[in-house]
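Asker: missing the sequence, but the structure's below:
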């Protein structure tokens, strides 16, 4: 994966897979896409014919054809379908690098270790990935090659640095698309997304339910209700799959929120609710005011697993990878 | 208060008071404004001189001058300052109608009953009010006469219909400014705002605090974190005053959220988190999809306390009041 342009297979052509297909083509990579849905394949083929000649892609009729010459296979299907794709890659004897784009990383890491093998032998190198680039829209027709511009894209790395060479190559590819690569272990990723995405979805649903039997409250709802409950409009099946698929980490983050709110509840019952709530509100206020993190100091660092993971833990990210793949351009938050 | 145009005093010229001063002037009422801060008075005087000749207001140097000929006094000061203004109105022997614009209604109702009297005798008619028209900005310089266009504006009414005649006159004035008048008892108002504003503020602070010691999570935060925690950026003192000033109702709404989230927590620990979370998420999802309420059927109803309160309880509002003040044009949500 050290060539300037790569052969990449994208399996699953929804919003993320479709956007990645387009972005990789724009950046000169040779891309083959596949989707299990024939109508999506037809749409993607028509779009390819209409794309500029130097930014086209192929759409294949099978996973086998898509990955035939691929150095990298991106599995961009929903979580419940990932296992079957891994099985097919294993049965094809695919030995390139494999990454994914799903929102939980521990379970997918375990799935890859279990399935991407034959005769007891690991085949491909698996590097879990998660571009933080959701949108209200979905499907190939919403795909946008600029979707990843400036977005955080987690690439999972283990403490022992296994697969580091391929990890750095993948980081070079992803930063080349304009994304900020954030190094993290799968468990760190799952704990962080529980806090910043999964728990907010659960809390939004609980707050929105308060107006279920209270039309007066619904009529009075304004900005704080609108924003605080926006994601409750997401389909329950999708939110359940996302939260339930990361149940242990979501449970821990939810415990922290419940303990915090129990303290607020006690303050409301106390002798001086206003006086007690002011300090209670301050940590969240401080955290929110300093969010989102602004880019701070940047530095060239050696591409070592311990250095990379430490960068992720302080909230930093990778802006680019050197041509010799030995150093990374690291940005720390201000 | 049955004249087409009224003499109105606005005490406190922040965002809400200033906007109301401007809106009343635009609608042809004779308005006197007062603010305890001399700089704010100067700003308001300069703005009056620059306003169109038929939409000007007076700025007075005292509450006494402001209310001298007023049929209505609007107390638009922050909650902690309301009692002192009531005391001054009582000491002046003011006998017109008094309303306010603060975010809690039970405590202000009690304060009015206690303070707007002399020699054991009630002086003015007090009608609690709350325009749901917050903005990120504040102060007279942010005042906008169109702030109340289409906004819900609660006017409190008791079950026994005390002060109904003045209530209907005030509703005529407020609907004339383009607001939707929502009738509710003070306790109903406080329960509803606990659900749609105060609890969302507490929950936002608890979720925002999750990233306090987790820079990685902060870097990964995207849309659901941004929106779900937006109001945690409000000043802790103001949020504490708002929530703590409505402590009993906020406590009850928070209990409902805590019980609901405890059920989600149990689902995460269960054998089938995804299967259990889907039905758990559905009530909030359904409530959010049908929010905000769209105007539905409208009808002319008699201006009776029981009719008005029933309208508020089903999520309805008043669009206008008939010239003879006997009927209201009521809109129910679709």
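Answerer: That came in fine, so what should we check first? What you see is a predicted model, and the numbers here were worked out from it, not measured in a lab. Residues are numbered from 1 along each chain as shown, chains lettered A, B, ... in the order given.
Asker: number of nearby residues for residue A:328?
Answerer: Applying other CB atoms under 10 Å in any protein chain shown, we find 27 residues neighbouring residue A:328. Backbone N, C-alpha and C define where each C-beta goes, glycine included.
Asker: Test my guess that it contacts residue A:300.
Answerer: Yes: between residue A:328 and residue A:300 there is a contact under CB atoms under 8 Å: 7.3 Å.
Asker: Quick check: neighbours shared by those two?
Answerer: The contact sets of residue A:328 and residue A:300 overlap at residue A:322 (CB atoms under 8 Å, 6 or more residues apart in numbering or on different chains).
Asker: Assign a three-state SS to residue A:126, would you?
Answerer: strand (DSSP: H, G, I helix; E, B strand; the rest coil).
Asker: pretty sure it contacts residue A:95?
Answerer: No: taking CB under 8 Å as the definition, residue A:126 is not a contact partner of residue A:95, at 11.8 Å.
Asker: Next up, the contacts around the spatially closest residue to residue A:307 that is not a sequence neighbour.
Answerer: Leaving aside its sequence neighbours, residue A:307 sits nearest to residue A:301 (CB to CB, 6 or more residues apart in numbering or on different chains; 5.2 Å). Counting by CB under 8 Å, 6+ apart, residue A:301 makes contact with A:307, A:308, A:311, A:327, A:328, A:330.
Asker: higher neighbour count, residue A:126 and residue A:95?
Answerer: residue A:126 (25 against 14).
Asker: and the spatially most central residue of chain A, what does it touch?
Answerer: When CA atoms, centre = their mean is applied to chain A, the residue found nearest the centroid is residue A:130 (2.2 Å). The neighbours of residue A:130, taking CB under 8 Å, 6+ apart as the test, are A:101, A:102, A:103, A:105, A:153, A:154, A:189, A:193.
Asker: ok, the first one - how many residues close by?
Answerer: Pointing back at residue A:101 there. 26.
Asker: swap in the second one?
Answerer: Neighbour count for residue A:102, taken as other CB under 10 Å: 23.
Asker: same check, this time on the third one
Answerer: The local packing count at residue A:103 equals 24, with neighbours defined by other CB under 10 Å.
Asker: chain center to the helix ranked longest in chain A, what's the gap?
Answerer: If you go by DSSP state H, chain A has its longest helix at helix A:247-269. Distance of helix A:247-269 from its chain centroid, counting by CA atoms, centre = their mean, to the nearest Å, is 26 Å.
Asker: Buried ones in that helix, by neighbour count?
Answerer: A:247, A:249-251, A:253-254, A:256-258, A:260-261, A:264-265, A:267-268 (16 or more other CB atoms under 10 Å in any protein chain shown).
Asker: So which of those residues reach chain B?
Answerer: Subset of these in contact with chain B: A:247, A:250-251, A:253-254, A:256-258, A:260-261, A:264-265, A:267-268, counting by CB under 8 Å from any CB of the partner chain.
Asker: what's the neighbour count on the spatially closest residue to residue A:160 that is not a sequence neighbour?
Answerer: Distance criterion CB to CB, 6+ apart; nearest residue to residue A:160, sequence neighbours excluded, is residue A:305 at 7.2 Å. Residue A:305: 19 surrounding residues under other CB under 10 Å.
Asker: Can you show me the helices along chain A?
Answerer: Under DSSP H, chain A gives helices at A:15-26, A:38-50, A:63-67, A:79-91, A:106-115, A:164-176, A:186-193, A:199-208, A:215-220, A:223-228, A:236-244, A:247-269, A:273-289, A:305-313.
Asker: residues touching the residue in the stretch 101-250 of chain A positioned nearest to chain B, list them.
Answerer: In the stretch 101-250 of chain A, the residue that lies nearest chain B is residue A:215 (2.9 Å; CB to the nearest CB). Going by CB under 8 Å, 6+ apart, residue A:215 touches B:293, B:313, B:314, B:315, B:333.
Asker: Can you give me the distance of it to residue B:199?
Answerer: Residue A:215 is 17 Å from residue B:199, where distance means CB to CB, to the nearest Å.
Asker: thinking again about what came up before, and the residue nearest to the centre of chain A, what pLDDT?
Answerer: We have a pLDDT of 97 for residue A:130.
Asker: got it, and residue A:79?
Answerer: Reading off the model, residue A:79 has pLDDT 89.
Asker: try residue A:136
Answerer: 63.
Asker: again, but for the one 4 residues further on
Answerer: Residue A:140 is assigned 95 on the pLDDT scale.
Asker: Surely it touches residue A:43?
Answerer: Yes: under the criterion of CB under 8 Å, residue A:140 makes contact with residue A:43 at 5.4 Å.
Asker: Comparing these two, which residue is more hemmed in?
Answerer: residue A:140 (23 against 19).
Asker: Quick check: the gap between the residue nearest to that one when sequence neighbours are not counted and residue A:47.
Answerer: Once flanking residues are discounted, residue A:140 sits nearest to residue A:18: 4.0 Å by CB to CB, 6+ apart. According to CB to CB, residue A:18 stands 8 Å off from residue A:47.
Asker: Between the two, which has more neighbouring residues?
Answerer: residue A:18 (29 against 19).
Asker: Would you mind measuring from that one to chain B?
Answerer: 19 Å (CB to the nearest CB, to the nearest Å).
Asker: which of the helices of chain A is buried the deepest?
Answerer: helix A:199-208 (a mean of 28; mean count of other CB atoms under 10 Å in any protein chain shown).
Asker: quick one: low-confidence parts of chain A?
Answerer: A:135-136 (pLDDT under 70).
Asker: tell me the domain boundaries of it?
Answerer: For chain A, automatic domain parsing gives the domain ranges A:7-186+A:294-333, A:189-289.
Asker: next one: the shortest one to chain centre, how far?
Answerer: Same thing as domain A:189-289. Using CA atoms, centre = their mean, the offset of domain A:189-289 from its chain centre is 22 Å.
Asker: What is the end-to-end distance of that domain?
Answerer: In domain A:189-289, first residue to last residue: 23 Å (CA to CA, to the nearest Å).
Asker: What residue in chain A is the furthest from its centre?
Answerer: Most peripheral residue of chain A (CA atoms, centre = their mean): residue A:271, 45.4 Å.
Asker: just to revisit the earlier point, OK, contacts around the residue nearest to residue A:140?
Answerer: A:33, A:44, A:139, A:140, A:142, A:143.
Asker: tell me the contacts of the nearest residue to residue A:178 once chain neighbours are set aside?
Answerer: Once flanking residues are discounted, residue A:178 sits nearest to residue A:149: 4.1 Å by CB to CB, 6+ apart. Counting by CB under 8 Å, 6+ apart, residue A:149 touches A:177, A:178, A:179.
Asker: Any buried residues in stretch A:121-134, and which?
Answerer: Result for stretch A:121-134 [16+ other CB under 10 Å]: buried residues A:123, A:124, A:125, A:126, A:127, A:128, A:129, A:130, A:131, A:132, A:133, A:134.
Asker: ok, the first one to residue A:79 distance?
Answerer: Computed with CB to CB, the distance linking residue A:123 and residue A:79 is 21 Å.
Asker: just checking, residue A:164 touches residue A:303?
Answerer: Yes: when contacts are counted by CB under 8 Å, residue A:164 is listed as touching residue A:303 (7.3 Å).
Asker: shared neighbours, the two?
Answerer: By CB under 8 Å, 6+ apart, no residue touches both residue A:164 and residue A:303.
Asker: residue contacts, residue A:185?
Answerer: Per CB under 8 Å, 6+ apart, neighbours of residue A:185: A:156, A:157, A:158, A:159, A:309.
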